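Novice: quick one, fold the following:
(one chain, ligands or ions: 1)
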Amino acid sequence: MRTSWADSVANSASETAVSDNNSLRRPTRSTYVPPHLRSASDTPNLSGPAPERTNFNGNAGVSQLSRSSMGGGGGSKPELGRQSQGYGYAGSGRGGGGCLNNRSGGWDRREREVNPFGDNDEADARGQAFNEQENSGINFDPYQDIPVETSGENVPPPVNTFAEIDLGELLDQNIRRCKYVKPTPVQRHAIPIVLGGRDLMACAQTGSGKTAAFCFPIISGIMREQYAQRPRVARTVYPLALILSPTRELSCQIHDEAKKFSYQTGVKVVVAYGGAPINQQLRELERGVDILVATPGRLVDLLERARVSLQMIRYLALDEADRMLDMGFEPQIRKIVEQMDMPNRGMRQTMLFSATFPREIQRLASDFLSDYIFLAVGRVGSSTDLIVQRVEFVQESDKRSHLMDLLHAQRENGAHGKQALTLVFVETKKGADSLEHWLCINGFPATTIHGDRTQQERELALRSFKSGKTPILVATDVAARGLDIPHVAHVVNFDLPNDIDDYVHRIGRTGRAGKTGLATAFFNEGNLSLARPLTELMQEASQEVPAWLTRYASRALYGGNKNRRNGGGRFGGRDFRREGSLGRNLDHYGGGNGGTAYYGGGGGNGGTAYAVPGNYGGGYASGVTSAWD
Ligand SMILES: Nc1ncnc2c1ncn2[C@@H]1O[C@H](COP(=O)(O)OP(=O)(O)OP(=O)(O)O)[C@@H](O)[C@H]1O
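Specialist: Down below sits the predicted model:
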């Protein structure tokens, strides 16, 4: 019943109030300043001495990561870490942990950084240990029984706590400031793998903390390792890490998170994305960059202008990696990774993260990886059980009035709490504008985000939505991936996507970090191709599937429908290399999940599930593709 869901959302909202107020949201600011304009107060003093890292657990200047504390049996593990000389980066001999920015002589940025946590965080930062009693309200219980699978050679063991991982005291302080008490499952596994020097393809459910899973080891690695003097070529910068994401908003979000994690570590994070003035981004880059977060188009521009060189890249992370490697982005990604001056695979560490990983995309992705570990937390491409999914049969002509009914009921019941936000996905940019207009004239303040809006309008819309000023956001798929917006209580698929993976990402805007959420989909004959994968997805997530949808699904089964979760290969429910002879580890937390049952979904498809090649594409309708950056 929706009532009980609403109760749980309300409870969840109140439980998390403390953490939300303190850490998980950006610090309150009277006026929003877009990332590309946030430079003035951040300006470092270019003349200061290089920062010292004396407080780095006493390991200053040591390039080899200490792994003695990682999980059980760590002492007998083979050497997994790549030593800096393996990359041809001779130690510079700089003291204090070999950190950063030797490019311009270095400076002590720790003194001058704006505190992204606000002013009252000192107690949190000084905390001596990760104290479980001070849990921020994140409900970890739903994650405890989650099945985890890793495959690849010599997989570093997972950790149970942040304290077991030697990330460095400064980063630990920031983790405490973020109120992260325990690592989420993807963090438990992925962080030791990356710290162990391995390439990684990681698949974990939406909202399960993938951003920190790749940011922590990158920041820690940069803090720790020694790098050769970066070249001094006028106006060209040489970042050590590159994080690519498909949308401008997601890049900004990753940048904001990475800045929190790297606060006072001396690691400098810069974002570059399209639609914003390039000159401001260039100025910011010139002040120094260790981690560059970027959208592919803007990065290619910077590379072609020779303002950025990838020659020194040690870490490459692709967030939403399956999206980054699909038809739309693949040429740009290949150009960046294979045709510019980035070190070859094996000479850099590459990490690919997403909640969905179609098999064909995995195959493509393996071109970028070297001897990698595949990590699947939960069912690959599954949605989290934290999201209550409803599917309603609604004809096209009835969609608006049906939405209105939902919104009225929501308002009258106070169903989603005072701050609750509703995200409505539509197929086209025109459709988004028109629905927004209609909602507004009917008394429901709404705004839109899509590819035809200017970047300024997009950022304004997002800010207005996040603040609750316009509690309804009508969006194309540009908002489907990665965005972590607190208080999104309801996702409505006004128009269902053609691809089940897109559905997974869309509904994943709610039910994040242990909180519950509701997702409602309007289904009609135009969505028949989705009937079967949707049914399977809902069954896997223990959702109630309406009888009429099951009937459509069984018709699709016999009608040769290709949009299938297992048969079409689009879900790539496991490491595609597993047909070979690579090693495999299964790690079932809490037990109860036998064998590979959690990959099966539709039972009867198990045997042939991965035999059918490709067919992952084709899901992006014309009005949708162009919404991406
Ligand atoms: N260890 C942790 N403890 C508490 N909260 C966490 C932890 N790790 C991450 N979070 C919070 O969980 C939320 C979701 O994290 P994140 O955005 O990284 O998810 P994601 O897996 O990348 O999702 P998506 O697939 O949608 O991109 C964020 O608000 C983040 O601050």
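Novice: so how many other residues sit close to Glu338?
Specialist: 12 (other CB atoms under 10 Å). C-beta here means a position set from N, CA and C on the backbone, and glycine is covered the same way.
Novice: for the stretch 201-350 of the chain, what lies in contact range of the ligand?
Specialist: Proximity of the stretch 201-350 of the chain to the ligand is confined to 204, 206-212 under the rule CB under 6 Å from any ligand atom.
Novice: part of a strand, is Phe374?
Specialist: Yes: in this structure, Phe374 lies within a strand as judged by DSSP: H, G, I helix; E, B strand; the rest coil.
Novice: mind listing what it touches?
Specialist: Phe374 sits next to 149-152, 200-203, 362, 574-575, 577 when contact means CB atoms under 8 Å, 6 or more residues apart in numbering.
Novice: picking up where we left off before, next step: the residues of the stretch 201-350 of the chain next to the ligand restricted to helices.
Specialist: Of these, the ones assigned to helices by DSSP state H are 210-212.
Novice: so how far is Pro358 from the residue in the stretch 401-550 of the chain positioned nearest to the ligand?
Specialist: Residue nearest to the ligand within the stretch 401-550 of the chain (CB to the nearest ligand atom): Ala513, separated by 3.2 Å. Per CB to CB, to the nearest Å, Ala513 is found 25 Å from Pro358.
Novice: what does this structure put close to the ligand?
Specialist: Counting by CB under 6 Å from any ligand atom, the chain sits next to the ligand at 24, 138, 180, 183-184, 187, 204, 206-212, 355, 482, 484, 508, 512-513.
Novice: quick check: PyMOL command selecting the buried ones in the residues you listed.
Specialist: Filtering the residues of the chain next to the ligand down to the buried ones (16 or more other CB atoms under 10 Å) takes a single PyMOL command:
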select buried, resi 24+138+180+183+184+187+204+206+207+208+209+210+211+212+355+482+484+508+512+513
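Novice: quick one: secondary structure of the residue of the stretch 401-550 of the chain closest to the ligand?
Specialist: Using three-state DSSP, the structure places Ala513 in coil.
Novice: go ahead and confirm it touches Thr206.
Specialist: No: the pair Ala513 / Thr206 is not scored as a contact, 10.1 Å apart, by CB atoms under 8 Å.
Novice: Asp371: what's it in contact with?
Specialist: Counted by CB under 8 Å, 6+ apart, Asp371 has contacts 152-153, 198-199, 346.
Novice: and these as JSON lines, adding neighbour count and secondary structure?
Specialist: As requested, the contacts of Asp371 are exported to JSON lines (neighbours: other CB atoms under 10 Å; DSSP: H, G, I helix; E, B strand; the rest coil):
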{"residue": "Gly152", "neighbour count": "22", "secondary structure": "coil"}
{"residue": "Glu153", "neighbour count": "12", "secondary structure": "coil"}
{"residue": "Arg198", "neighbour count": "25", "secondary structure": "coil"}
{"residue": "Asp199", "neighbour count": "22", "secondary structure": "coil"}
{"residue": "Gly346", "neighbour count": "14", "secondary structure": "coil"}
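Novice: among the contacts of Phe374, which are in helices?
Specialist: With helices taken from DSSP H, the overlap with the contacts of Phe374 comprises Gln362.
Novice: before we move on, the earlier item: of all the ones in helices among the residues of the stretch 201-350 of the chain next to the ligand, which comes closest to Asp398?
Specialist: Lys210 (37.4 Å; CB to CB).
Novice: and for the residue lying closest to the closest one once chain neighbours are set aside, the neighbour number?
Specialist: The shortest distance from Lys210 to any non-neighbouring residue, by CB to CB, 6 or more residues apart in numbering, is to Phe353 (4.6 Å). Using other CB under 10 Å, Phe353 has 26 other residues around it.
Novice: surely Phe353 is in contact with Cys215?
Specialist: No: assessed by CB under 8 Å, Phe353 is found out of contact with Cys215, at 10.6 Å.
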